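task: produce atomic coordinates for the following.
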Amino acid sequence: MFVPSLVDSPTKSLPDGRKKSAAPARGGMTDLERGLEDQVAVAAPPAEPMKRFTIDVPAGLHRRVKAACDKRGLKVSSVLRDLLEREFPDTSRQLPLL
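Alright, predicted model coming up:
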């Protein structure tokens, strides 16, 4: 994981006039570095190659989906994948009906 180093230890002015240093605090990481580390997810490779769908949806539906996913802390792509899996289950492993 690439994490930028802060060589010059820049400072930021706080509303009360004090200076806040971006230099590493306890743990040797800056707030920026901790934030970047939190965003990096180590995911297992998919079981099969992924393909992309591109669809057009009404703006209102897009807003509702994004808002619901944000509220639940989920990714839109994951929610839509789950929805597609439920609607179109894999039947290749089922025994044929006689």
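
going forward, measure contacts between C-alpha atoms and count neighbours the same way
Will do.

where along the protein do the helices fall?
31-39, 59-72, 76-87 (DSSP state H).

need those in TSV with mean neighbour count, can you?
TSV is the format used below for the helices of the chain (neighbours: other CA atoms under 10 Å):
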stretch	mean neighbour count
helix 31-39	13
helix 59-72	12
helix 76-87	12
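
Pro45: which of those helices is closest?
Of all these, helix 76-87 sits nearest to Pro45, with 14.5 Å by CA to CA.

counting contacts, what elements does that closest one pack onto?
helix 59-72 (3 or more CA pairs under 8 Å, 6 or more residues apart in numbering; DSSP states H and E).

the helix it packs on - contacts with which helices or strands?
By 3+ CA pairs under 8 Å, 6+ apart, helix 59-72 packs against helix 76-87.

could you give the angle of the helix it packs on to helix 59-72?
Orientation check (axes from the mean of the first three to the mean of the last three CA atoms, to 10 degrees): helix 76-87 against helix 59-72 gives 100 degrees.

what lies in contact with helix 76-87?
Residues outside helix 76-87 that contact it (CA atoms under 8 Å, 6 or more residues apart in numbering) are Val65, Lys66, Cys69.

only the C-alpha atoms, please, for that helix, written as CSV.
C-alpha atoms of helix 76-87 as CSV (Å, rounded to 0.1, in the frame of the first residue of the first chain):
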residue,chain,number,x,y,z
VAL,A,76,-24.0,0.1,-4.7
SER,A,77,-22.2,-2.5,-6.8
SER,A,78,-22.5,-5.1,-4.0
VAL,A,79,-26.2,-4.4,-3.4
LEU,A,80,-26.9,-4.7,-7.1
ARG,A,81,-24.9,-7.9,-7.4
ASP,A,82,-26.9,-9.4,-4.6
LEU,A,83,-30.2,-8.3,-6.1
LEU,A,84,-29.2,-9.9,-9.5
GLU,A,85,-28.1,-13.1,-7.8
ARG,A,86,-31.5,-13.4,-6.1
GLU,A,87,-33.4,-12.6,-9.3
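
and the average pLDDT for it is what?
The predicted model gives helix 76-87 an average pLDDT of 95.
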